[in-house]
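Participant: Next input, structure requested:
(one chain, ligands or ions: 1)
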Amino acid sequence: MLASFLLPDVPGLRLDALLTDDQTIHLTMTSTQSTAACPLCAEASGRIHSRYQRTVRDLPWASHSVQIRLHVRRFFCSNPSCERKIFIERLGATIRAFKRRTERLASQLCQLAFRLSAEAGACLSEQLGMPVSAATLLRLQRHHPLPPPPAPQIIGVDDWSIRKGRTYGALIVDLERKKPSDVLPDAKAETFIAWLQAHPTIIGISRDRAGNFAEGALRGAPQAIQVADRFHLFGNLGDALQRLLERHPAALRAAAQQDEEHTGVEIEAPAVTPPVVEATMETSTPPVESAPLTQREQRFREVLSRHADGWNYSQIAREQKLNIRTVKRYILGGELPKRGAPLLRLTSSVTPYLAYLERRWQEGCQNKTRLMDPGRPRPRWHAPNGVLCQLARGCGC
Ligand SMILES: [Zn+2]
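Facilitator: Numbering: from 1, shown residues only. Sure thing, here's the model as predicted:
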């Protein structure tokens, strides 16, 4: 009875000797099982190949380390079709093959490391009779199996491109724990249905408006509440707003002009120096030829012309080899949009002071420090608004 507590619980393991010194208890044990099962084909074999010794550590006895010298054997596999010809005998789950600690000792060390950290665990382990280094404790922690994650209840699903435009997978995220839950090999409804049926705990699904996920959620988890996620709602809203604004560039310009007028600051156009015309003896000036149209301008005019002739968007797009959205933008906008030009000219924080800066620049004050802070030692920044308050009073430079 006592031996069953003190010694590893392995059937057929015989205790041969017990020796002690000041620090360690040395046990010598021998495996006496008549046969051993091949780890590959599981067929029992009694044909011994050779014998050898291995050493494992076990739980301490009264704070004394326990070291077991095991006499074990190698066996021939008796299954001729098995790839493994020779194997070492297994001693059950208590003393696993190739391990240098019994499972119960490794478990205790793991608990020590999890509760105290590796360094503190290593210090205490020596006093407890199972000395181990901090690095070993870390290694034991890394190999310790993680507890199974709790079943997800509220998930988010979206597709991700394995090959953009061609192959898509699906990513499922546990929204309560904000962690990825699973990756599906494709974004088809059937795959999503199978996943949902294997996870009957789902009560909420956040998804985009794709039909495959909608169908999958409806058929795979009819009990779940489906919601459109905020990311896609705002994304769709932004796209729709941009498409709407692109149809009305003239209105955008008018709104921007009104905004400038509302600020009460007239933005002066840069002074244009009239070109110096040298006097010549010729009395007549040849007519100025207009610049030739670019290919883009020619195409834009073609689009408007076809539209005036009654062509629809698709016909024009095919004929001009343009995207149908570009054709729509040309026709609805009524003018050729500038490349790379923003739809709205945003007003910067400097805009209210442009007139003053322009005037001072022309007067010769081109020092940015003086322009920013003209009246020392007066306060540089106006506290309430954090703007260049001194500029409104005039520059002192
Ligand atoms: Zn075998």
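Participant: Near the ion, which residues of the stretch 51-200 of the chain? Just list them.
Facilitator: Selection of the stretch 51-200 of the chain residues close to the ion by C-beta under 5 Å from the ion yields Cys77, Asn79, Cys82, Arg84. (Each C-beta comes from the backbone N, C-alpha and C, glycine too.)
Participant: quick check, the second one in a strand?
Facilitator: No. Asn79: not assigned to a strand; according to DSSP: H, G, I helix; E, B strand; the rest coil it is coil.
Participant: low-confidence ranges in the stretch 101-250 of the chain?
Facilitator: For the stretch 101-250 of the chain, no stretch has pLDDT under 70.
Participant: ranges for the helices of it?
Facilitator: Secondary structure of the stretch 101-250 of the chain (DSSP state H, counting those that start in this stretch): helices at 103-116, 118-127, 134-143, 189-198, 211-220, 230-246, 249-263.
Participant: re the thing from before, which of the residues of the stretch 51-200 of the chain next to the ion has the largest number of neighbours?
Facilitator: Counting neighbours by other C-beta atoms under 10 Å, the top entry in those is Cys77, with 23 neighbours.
Participant: For the ion, see how far away the residue nearest to that residue when sequence neighbours are not counted is.
Facilitator: Distances taken as C-beta to C-beta, 6 or more residues apart in numbering place Cys38 nearest to Cys77, at 4.4 Å, with adjacent residues excluded. Taking C-beta to the ion, to the nearest Å as the measure, Cys38 and the ion are separated by 3 Å.
Participant: can you pull the contacts of Cys38?
Facilitator: Cys38 is in contact with Ala44, Ser45, Phe75, Cys77, Ser78, Asn79, Cys82, Arg84, Phe87, counting by C-beta atoms under 8 Å, 6 or more residues apart in numbering.
Participant: Not counting its neighbours along the chain, what's nearest the second one?
Facilitator: Of all residues beyond its chain neighbours, the one nearest Ser45 is Ser78 (4.3 Å), with distances taken as C-beta to C-beta, 6+ apart.
Participant: List the contacts of Tyr52.
Facilitator: With C-beta under 8 Å, 6+ apart, Tyr52 has these contacts: His71, Val72, Arg73, Arg74.
Participant: now do 10 Å
Facilitator: By C-beta atoms under 10 Å, 6 or more residues apart in numbering, the contact set of Tyr52 is Leu70, His71, Val72, Arg73, Arg74, Ile88.
Participant: In this model His49 seems to touch the residue nearest to Ser45, though I could be wrong.
Facilitator: No. Contact criterion C-beta atoms under 10 Å: Ser78 and His49 do not qualify, at 11.5 Å.
Participant: ok so, going back, tabulate the contacts of Cys38 in TSV, adding columns for pLDDT.
Facilitator: Output for the contacts of Cys38, formatted as TSV (pLDDT from 0 to 100):
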residue	pLDDT
Ala44	93
Ser45	93
Phe75	95
Cys77	94
Ser78	91
Asn79	92
Cys82	93
Arg84	93
Phe87	94
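Participant: In the stretch 101-250 of the chain, which residue sits closest to the ion?
Facilitator: Using C-beta to the ion, the closest approach of the stretch 101-250 of the chain to the ion is made by Glu103 at 24.3 Å.
Participant: Is it correct that that residue is in contact with Pro8?
Facilitator: Yes. Counting by C-beta under 10 Å, Glu103 does reach Pro8; the two are 8.7 Å apart.
Participant: Now for these two: what residues contact both?
Facilitator: Counting by C-beta under 10 Å, 6+ apart, the residues touching both Glu103 and Pro8 are Asp58, Gly92, Thr94, Ile95.
Participant: Need the buried ones from these selected in PyMOL.
Facilitator: Typed into PyMOL, the line below selects the buried ones among the shared contacts of Glu103 and Pro8, using 16 or more other C-beta atoms under 10 Å:
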select buried, resi 58+94+95
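Participant: now, which of the shared contacts of Glu103 and Pro8 sits nearest Glu119?
Facilitator: Asp58 (24.1 Å; C-beta to C-beta).
Participant: Closest to Val173 out of the residues of the stretch 51-200 of the chain next to the ion?
Facilitator: Distances from Val173 to those, taken by C-beta to C-beta, are shortest for Arg84, at 42.7 Å.
Participant: Identify the residues contacting that closest one.
Facilitator: Cys38, Pro39, Leu40, Cys41, Phe75, Phe76, Cys77.
Participant: now, which of those residues lie within helices?
Facilitator: Among the contacts of Arg84, no member falls in helices (DSSP state H).
Participant: filter the residues you listed to the buried ones?
Facilitator: Buried, going by 16+ other C-beta under 10 Å: Cys38, Phe75, Phe76, Cys77, out of those.
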